[in-house]
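> got a predicted model here, sequence first, then my questions.
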Amino acid sequence: QVQLVESGGGLVQAGGSLRLSCAASGSIKRINVMGWYRQAPGKQRELVAIVTGGDSTNYANSVKGRFTISRDNAKNTVYLQMNSLKPEDAAVYYCYAEALVVLTMGGGYKNLEVWGQGSLVTVSS
């Protein structure tokens, strides 16, 4: 019912920048929250940054001042601008959305949590 398609991962040197994008599509009535999580090898998935429909943001302490999350509500898209990247930022980054979706059977709406396919970010030292 809702799909998230990510783009923008890749390889960058320490100190460099990358921008991740994530576009949501499907039977969306409203997206409440969009954000980014990451998972490094051998570690649990952790929150990187989230943004609400009212543009309130929350960041992990480890990325504050270096990463910026933003969203384009008209495009149902969220971005993550990552600057001053460090080797410890290397991970698979997952887009996340909590959306109110239109039910195709019987009408009505349902809150749904959706994940993107993951984007690999590699930071060389």
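Received the coordinates, thanks.
> now do the contacts for the residue of the chain positioned farthest from its centre.
Relative to the C-alpha centroid of the chain, counting by CA atoms, centre = their mean, residue 106 is the outermost residue, at 30.8 Å. By CB atoms under 8 Å, 6 or more residues apart in numbering, the contact set of residue 106 is empty. In this view, the C-beta of every residue, glycine as well, is placed from N, C-alpha and C.
> which secondary structure element contains it?
Remark: residue 106 resides in no helix or strand, with elements defined by DSSP states H and E.
> need phi/psi at it.
Torsion angles at residue 106 (phi, psi; degrees, to the nearest 10) stand at phi 90, psi 0.
> next one: residue 14
phi -60, psi 140.
> distance of the closest residue to it other than its chain neighbours from residue 113?
Nearest in space to residue 14, with sequence neighbours left out and distances taken as CB to CB, 6 or more residues apart in numbering, is residue 125 at 5.1 Å. Distance of residue 125 to residue 113, computed by CB to CB, to the nearest Å: 35 Å.
> thinking again about what came up before, so how far is residue 1 from the residue nearest to residue 14?
Distance check for residue 125 against residue 1: by CB to CB, it reads 42 Å.
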